[in-house]
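Peer 1: model this:
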Amino acid sequence: MKKILLLLLAFTSVAFASIRVEATYSTFGAITQKIGGDLVHVHVLASSKYDPHFIVPKPSLLAKLHRADLLIMNGGGLELGWLPPLIRGANNAKIQNGAKGFLDISHFIPMIDVPTSVSRGFGDVHAQGNPHYTTDPHMVLTIARAIMGKLLEIDPENEAEYQRNLNSFTKEWENYLKSFDNDMKECKDKKVVQYHELFNYFLKRYSYKSYVNLEPLPGIAPSSKHTISVINTIKKNKIRFILQDVYHEKRTAKFIAAKTDAKVVVIPHDMGSDGSKTLEEFYSNIAKSLCK
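Peer 2: Purely as a prediction, here's the structure:
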């Protein structure tokens, strides 16, 4: 009986030690699990199948945030259209902006494509720069270190465990990156067009050139005039790939492909958007699509 009681006490201790983490997107959730291990309970707010700019703020998400110890967000304006009302409505002081349980990963990222000026005339421009940095696998360890720092702030008693997890993941990811970067050297066709500027960090990392977007302006649907211009650009520069994400309409890309020699390639923007179950699978799927 004494042994049973001790086991129950140990189980109860672990259960109550678990930190409730709400991550806005799947990639953050996966990295958090790697660092937190058994000490965290991770839930992802946004489905990777949908536009990350526009997530329906369901009442069920309010309940999740109300109980959260830590909120991890992308930042850079990506969640601006849906997350702030949820944070306010959650009535949870722990996860308010500036609180111990609030983490904006973009503060740790060297943002690119920062506009010199912002106006509605330029479309849906992000004032802090391009927020889609998770498409670059080299950002993963920066994100992991930021998450560990916040977990230590919330739960300093388990510093040794978090540090062990980070060290193990760092070694694992550095080995993966070495192999991944070698594979990317074999990719020959470096000319692309995109629907939306989702992949700029990845393209910059591996020396791709994106000539034009199917959107005439960020967040603005393609017009007939602009579509003709994209077709002419593809023909003139002999561009092979049209990068299409999983959530925008695909009709325009297919029409352009039919008028040119370019091929529509659907690229995942977040872990799980392509059915991937792991971080490695997510990034490898991007590479496989571009290195066909």
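Peer 1: Give me the pLDDT value at residue 186.
Peer 2: Model confidence at residue 186, given as pLDDT, is 89.
Peer 1: my read: it touches residue 291, true?
Peer 2: Yes - counting by C-beta atoms under 8 Å, residue 186 does reach residue 291; the two are 6.4 Å apart. Any C-beta I mention is one placed from the backbone N, CA and C, and that applies to glycine too.
Peer 1: between these two, which one's more packed in?
Peer 2: The residue with more neighbours, out of residue 186 and residue 291, is residue 291; 14 against 8, by other C-beta atoms under 10 Å.
Peer 1: quick one: contacts for that one?
Peer 2: Residue 291 is in contact with 183-184, 186-187, counting by C-beta atoms under 8 Å, 6 or more residues apart in numbering.
Peer 1: Which parts of this structure are strands?
Peer 2: Applying DSSP state E to the chain gives strands spanning 19-23, 40-44, 70-73, 102-104, 191-194, 209-213, 241-244, 263-266.
Peer 1: Just send the ones you listed back as a markdown table, with mean pLDDT, mean neighbour count and distance to residue 171 too.
Peer 2: Output for the strands of the chain, formatted as a markdown table (pLDDT from 0 to 100; neighbours: other C-beta atoms under 10 Å; distance: least, C-beta to C-beta, whole Å):
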| stretch | mean pLDDT | mean neighbour count | distance to residue 171 |
| --- | --- | --- | --- |
| strand 19-23 | 98 | 24 | 23 |
| strand 40-44 | 98 | 19 | 20 |
| strand 70-73 | 98 | 26 | 23 |
| strand 102-104 | 98 | 20 | 24 |
| strand 191-194 | 97 | 21 | 33 |
| strand 209-213 | 97 | 16 | 33 |
| strand 241-244 | 97 | 24 | 32 |
| strand 263-266 | 96 | 16 | 32 |
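Peer 1: Can you convert the ones you listed into a markdown table and add a column each for distance to residue 51?
Peer 2: A markdown table is the format used below for these (distance: least, C-beta to C-beta, whole Å):
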| stretch | distance to residue 51 |
| --- | --- |
| strand 19-23 | 17 |
| strand 40-44 | 15 |
| strand 70-73 | 16 |
| strand 102-104 | 20 |
| strand 191-194 | 15 |
| strand 209-213 | 15 |
| strand 241-244 | 13 |
| strand 263-266 | 15 |
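Peer 1: one step back: mind checking which of the contacts of residue 291 land in helices?
Peer 2: Those of the contacts of residue 291 mapping onto helices are 183-184, per DSSP state H.
Peer 1: nearest to residue 143, of the contacts of residue 291?
Peer 2: residue 184 (19.9 Å; C-beta to C-beta).
Peer 1: Identify all contacting residues around stretch 81-91.
Peer 2: The contact list for stretch 81-91, computed with C-beta under 8 Å, 6+ apart, reads 24, 45, 53-57, 61-62, 65-66, 68, 71, 73, 95-97.
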